[in-house]
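Student: coords please:
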Amino acid sequence: MLMLSCQRAGRVELSIDFSQAASWRYVFGIDIKGIASQGDSAREFSNSLRTYLSGERSPHDDAAVRFRTGQTVVHSNFLSEQERNHLARQCENLVLFFSPHEGAVEASDTAVTPLLTVGGWDLYRSFARVLPVLPESPVGVGASWERERTFPIETSMGNATGMLYQLFTLDSVFSADSNKFASLSWRFTYRIQPDSAGALDSLPLSGSGNGNAVIDMTGKRMIKAHALFEVPPKQKARQKISWQETVHIEMVK
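Tutor: Next up, the predicted model:
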């Protein structure tokens, strides 16, 4: 009984309150590097994207925030200048929603996010992988909770369903600058199920990774989050593509 009482006393509530400020601003970055090979030839590729997310309370959900991407900078060693500029323009002024208990939320009025020509990457999936999903009730250090999501995927080669599974853990609670913070981490797997046989045969259809985030429990805000996602090559594909993706989001004060 004493052990149970101590465990309950040690539980904390993890929450983010977007109603306490009129606007929210984060820097958002994505870095992708990998190898595409076919036969005896192989080439390395890299791509990076930087933008700012400006957010306000969502009109669809008082507990969520609606972000809009700002001016975007794209660097790439395989896209032409014209393609880089086109991708940057596509990534500007996009609407992205985040709910602390749902993760990334794809609203019905959100425009289709742009695709990168390697591996069928799109900005929305990166956004979804880097965001934590908070538990509905208080938890203690070491406690875990899980989340499963599905996403519709539309490409020029066919449509599919993306499936994201995340297992979260509260790693620690600590104090700094008179505030109390929570550090959490997660592991995740992601796979794509094509809507029809033969569709997306040239694309990698699964990957896995890990993430971490810091929540300011006193201020009820997310300070930063980071995720690393790795995609192994699809062995039976004529062109084998593997890549590593790093996503980072951090509050701008």
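Student: what residues are up against Ile249?
Tutor: Tyr26, Val27, Phe28, Gly29, Leu53, Val130, Leu131, Lys224, Ala225, His226 (CB atoms under 8 Å, 6 or more residues apart in numbering). The way it works is simple: take the backbone N, C-alpha and C, and place the C-beta from them, glycine included.
Student: Only the buried subset of these, as a PyMOL command please.
Tutor: To isolate the buried ones among the contacts of Ile249 in PyMOL, judged by 16 or more other CB atoms under 10 Å, type:
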select buried, resi 26+28+29+53+130+131+225+226
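Student: all helices of the stretch 1-150 of the chain, in order?
Tutor: Residue ranges of the helices in the stretch 1-150 of the chain, as given by DSSP state H, counting those that start in this stretch, are 2-9, 81-91, 123-130.
Student: other SSEs contacting the longest one?
Tutor: Put plainly, it is helix 81-91. Using 3 or more CB pairs under 8 Å, 6 or more residues apart in numbering; DSSP states H and E, the elements in contact with helix 81-91 are strand 41-57, strand 73-76.
Student: and Glu83, which of the ones you listed is closest to it?
Tutor: Comparing the helices and strands packed on helix 81-91 against Glu83 with CB to CB, the closest turns out to be strand 73-76 (7.7 Å).
Student: Go through that closest one and flag the buried ones.
Tutor: Neighbour-count burial for strand 73-76, with 16+ other CB under 10 Å as criterion, is recorded at Val74, Ser76.
Student: Could you check how far that strand is from the centre of its chain?
Tutor: 19 Å (CA atoms, centre = their mean, to the nearest Å).
Student: Show the pLDDT at Ala213.
Tutor: Here the pLDDT value assigned to Ala213 is 98.
Student: That should have said Gly119, apologies.
Tutor: We have a pLDDT of 47 for Gly119.
Student: which one of the contacts of Ile249 is nearest Ser206?
Tutor: Val130 (18.5 Å).
Student: Okay, angle between the top strand by length along the chain and helix 123-130 too, please.
Tutor: Criterion DSSP state E: the longest strand present in the chain is strand 158-176. Put simply, strand 158-176 runs at 40 degrees to helix 123-130, going by axes from the mean of the first three to the mean of the last three CA atoms, to 10 degrees.
Student: And strand 158-176, what does it pack against?
Tutor: With contacts taken as 3+ CB pairs under 8 Å, 6+ apart, strand 158-176 sits against helix 123-130, strand 144-155, strand 179-194.
Student: where are the low-confidence patches of the protein?
Tutor: 1-9, 106-121, 155-158, 197-204, 236-237 (pLDDT under 70).
Student: change it to 80
Tutor: Regions of the chain meeting the criterion pLDDT under 80 cover residues 1-9, 38-39, 59-62, 105-122, 151-160, 192, 194-205, 233-240.
Student: Which of the helices and strands packed on helix 81-91 sits closest to Arg125?
Tutor: It is, among the helices and strands packed on helix 81-91 and with distance given as CB to CB, strand 41-57, at 12.9 Å.
Student: could you say what helices and strands the closest one packs with?
Tutor: strand 24-38, strand 65-69, strand 73-76, helix 81-91.
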